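1. what follows is a predicted structure for the sequence shown.
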Amino acid sequence: MATPIIVARDLAKDYVMGGHVVHALRGVSATIDEGDFVAVMGPSGSGKSTFMNLVGCLDRPTGGSYVLAGEEVAKLNGDQLAALRNRRIGFVFQSFHLLPRADALSNVELPMVYGGIARRQRHEKAMKALTRVGLADRYHHRPNQLSGGQQQRVAIARALVNDPSLILADEPTGALDSRTSLEIMALFQELNRGGMSVVMVTHEPDVAQFARRVLRFRDGRLIEDHRQTPADAAQMLAREPAEQEAA
Ligand code: ADP
């Protein structure tokens, strides 16, 4: 039987702004199993970021409950929350968030610097993660010596380096052209086929089609939850560019 990695029950988040209450999330329930690949969609302001912040243990709900990998998040203090986040979750962002003066290897090592891991082991784990994303030969390059797609691969290697249970990606292809987006989706699919759970916000239906499941938000509510047969990014990449233009 599938093991849930995320169990959200009636999650609510209110923000108070200028004396007004904004109901960013109005009771969202969803269970995401280990090994799933979920696209989170919906118009701007629908609550996607708020949901991702809660799922990523970056914020606490004002109502409802959230269990991540068997741990009830509401019961944890700030330090415990940070520890759970570091152990369980790898984050990938639209604009990569790499340190500009550090090479790829140092960027990937970063999440381990505060983890008390010996330098040599850090190096080995970072090289392994860079190899996994196909960038072992670029370990000494700085971000400005890499293409956008390569920078995102470095960021994905950094997300993988602590062996997380879950990757949370916030519009990971938002800054990339369509062919590079396909390559990045092929990589996410490969990681997912290897067992990694992925939850990804995207505005682009072309990108969402690579996920196994789509959650759609509107006005702070989950309005749609459907399973789909994922498109095969590798197959689409193999097609002629002219064919892709026509598709
Ligand atoms: P999305 O990611 O789908 O664009 P958000 O989760 O960012 O939506 O926002 C949902 C609602 O909550 C919006 O109305 C937004 O203005 C509001 N909101 C988000 N963050 C804050 C905040 N820190 N303070 C006040 N209101 C916020």
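-> Noted; the coordinates are in hand.
2. what helices and strands are in contact with the helix or strand containing residue 186?
-> Secondary structure assignment for residue 186, by DSSP states H and E: helix 178-193. For helix 178-193, the packing partners by 3 or more Cβ pairs under 8 Å, 6 or more residues apart in numbering; DSSP states H and E come out as strand 37-41, helix 148-160, strand 166-170, strand 197-201, helix 205-208, helix 233-238, helix 241-246. Glycine gets a C-beta too; all of them are placed from N, C-alpha and C.
3. need the ones you listed in CSV with mean neighbour count, distance to residue 98 and mean pLDDT, can you?
-> Shown next, in CSV, are the helices and strands packed on helix 178-193 (neighbours: other Cβ atoms under 10 Å; distance: least, Cβ to Cβ, whole Å; pLDDT from 0 to 100):
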stretch, mean neighbour count, distance to residue 98, mean pLDDT
strand 37-41, 24, 24, 98
helix 148-160, 24, 6, 98
strand 166-170, 23, 15, 97
strand 197-201, 25, 19, 98
helix 205-208, 18, 21, 96
helix 233-238, 14, 23, 92
helix 241-246, 9, 28, 58
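4. possible to save these as JSON lines with distance to residue 141?
-> Below are the helices and strands packed on helix 178-193 laid out as JSON lines (distance: least, Cβ to Cβ, whole Å):
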{"stretch": "strand 37-41", "distance to residue 141": "29"}
{"stretch": "helix 148-160", "distance to residue 141": "8"}
{"stretch": "strand 166-170", "distance to residue 141": "22"}
{"stretch": "strand 197-201", "distance to residue 141": "26"}
{"stretch": "helix 205-208", "distance to residue 141": "26"}
{"stretch": "helix 233-238", "distance to residue 141": "23"}
{"stretch": "helix 241-246", "distance to residue 141": "26"}
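5. so which residues on this structure come close to the ligand?
-> By Cβ under 6 Å from any ligand atom, the part of the chain that sits against the ligand consists of 15, 17, 22, 24, 42, 44, 45, 46, 47, 48, 49, 50.
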